[in-house]
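1. Predicted coordinates and the sequence they were generated for:
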Amino acid sequence: MKSYKNYLLTILTAMLAFNYMDRFALGLVLQNIKMDLHLSDSQLGLLSGIAFALFYSVLGVPLARWADRGNRVTIISLSIGLWSVAVAVCGAARTFIQLMLIRVIVGVGESGCVPASLSLISGFFSRDERPRAVSIYMQGVSASVLFGYFAAGWLNQLFGWRIMFVGIGLPGIALALLAILTIKEAPDRKAQLATAAPPSESFMQVCSFLLRRATFRHMLYCCAVNWFFIYGIMQWTPAFFVRSFGMKTGELGTWLAAIYGISFIAGFHLGGEWVTRFALRNEWRQLRAMAIITYVAGVLAALTYIPATAPNYYLAFLWLGLSTLTGSAVSGPQFAVIESLMPARMQSVAVALVYLVGNLVGLGLGPWATGALSDALRPWLGEESLRYALLLLSPVCVWSGWHFWAAAKTVAKDLEQAHSPATEPHAEYG
């Protein structure tokens, strides 16, 4: 069983890497797409933000509902097959509208992956094992950055952004086939499917149950605010280095692969290990630590874009790496807390609701807001307008950190109530 659990984590982590890879690749070539298709920064923000995030977030909810009631392996496999084909087709786009519509299809495919995967992990890993397991799973983001930026940077520089999308899209099809052939459902879900007895509560009852929990609400708000900051910065950071330091995409992709890759790997690992060693079954301590770490990450991010603290790209990369390391340390423990707050049959919907709100606000509006702010500052600051737009996003971390701090006050009570028969959704609604 242990060997299979390790294999499961490995394959799901690889899927998460492909799930995120196209987003980082898109950020790296925004400047090239801008020049090729003659777009504004606001259009680029829409392309990398709401066009993808709207369908990614909204469709994630019914897919998560399906994942809580059906075969999660089927959902994961179909999702990765769809988004891999769509990413490859991005290279065929000739207009802004065409590329935006293809990004919508990518969002539809990618929406089914994370909620079902986290639910599947919870089916095989206990509450004690979960923080480390989810942190390992989140290393897929590290892999997507490490290989995505490097491959995308050089593919774009050597062959152009169109071939780049084909190159990072097609390998996911093989991964989808591997998943459907080798991954199996958790024993409890197999029993549920065999008896054809899905949960009786309606979707609205499940949502009401989740939103009645103060801790869950704070985690929901925290993700929305934090992702606004993260996606607004990450999607535009490559363009910042191109504009402010004149870097080429091949060199830049190599730097970002190393900086982001190492920082994410270290951050995800340290976050999971710290919880396992010093705060196991102590979600109050976990959330307070997440709040402090988030504050520190915001300060370090600001230093990346201040001319006095980052007069050259070496120092800018240093601050970027440190802010990424600290900020990523909260990801695994954060989702482990969310999963532990919910009965097993609601875990996918819980994650999907977080992704719905977080991505609509964060991924949907963060890149667009950054691009619009950059356009507004351009008459006064020229090519440096993007630097100051990114700098103005950094204080948002204080807001998201406050929600972590507030969530710690109610987490013990909500953990107890979430798994009590007296507070199950069917009990609340009779």
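-> Right, received. Where do you want to start?
2. Kindly format the C-alpha coordinates of stretch 402-413 as PDB.
-> The C-alpha coordinates for stretch 402-413 follow below in PDB (Å, rounded to 0.1, in the frame of the first residue of the first chain):
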ATOM      1  CA  TRP A 402      -4.900  38.800   8.400                       C
ATOM      2  CA  HIS A 403      -7.400  36.200   7.300                       C
ATOM      3  CA  PHE A 404      -5.000  33.400   8.200                       C
ATOM      4  CA  TRP A 405      -4.700  35.000  11.700                       C
ATOM      5  CA  ALA A 406      -8.400  35.300  12.100                       C
ATOM      6  CA  ALA A 407      -9.000  31.700  10.900                       C
ATOM      7  CA  ALA A 408      -6.800  30.400  13.800                       C
ATOM      8  CA  LYS A 409      -9.400  31.700  16.300                       C
ATOM      9  CA  THR A 410     -12.200  29.400  15.000                       C
ATOM     10  CA  VAL A 411     -10.300  26.400  13.600                       C
ATOM     11  CA  ALA A 412     -10.500  24.100  16.600                       C
ATOM     12  CA  LYS A 413     -14.200  24.500  17.000                       C
END
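3. Could I get the average pLDDT for it?
-> Average pLDDT, stretch 402-413: 94.
4. and it, how far from the chain's centre?
-> Remark: stretch 402-413 is offset 22 Å from the chain centroid, using C-alpha atoms, centre = their mean, to the nearest Å.
5. What residues sit buried inside that stretch?
-> Buried residues in stretch 402-413, counting neighbours by 16 or more other C-beta atoms under 10 Å, are found at Trp402, His403, Phe404, Trp405, Ala406, Ala407, Ala408, Thr410, Val411. Every C-beta, even on glycine, is put in place using the N, C-alpha and C of the backbone.
6. so who does Gln286 touch?
-> Contacts for Gln286 (C-beta atoms under 8 Å, 6 or more residues apart in numbering) come out as Pro131, Val275, Ala279, Pro333, Val337.
7. Next, count neighbours for the last one.
-> The local packing of Val337 (other C-beta atoms under 10 Å) involves 27 other residues.
8. Give me the pLDDT for it.
-> According to the model, Val337 scores 90 on pLDDT.
9. How about it, nearest residue that isn't a chain neighbour?
-> Computed as C-beta to C-beta, 6 or more residues apart in numbering, the closest residue to Val337 that is not its neighbour in sequence is Glu283, at 5.3 Å.
10. quick one: the one you found and Val411 touch, right?
-> Yes: at 4.5 Å, Glu283 and Val411 qualify as touching, with contact defined as C-beta atoms under 8 Å.
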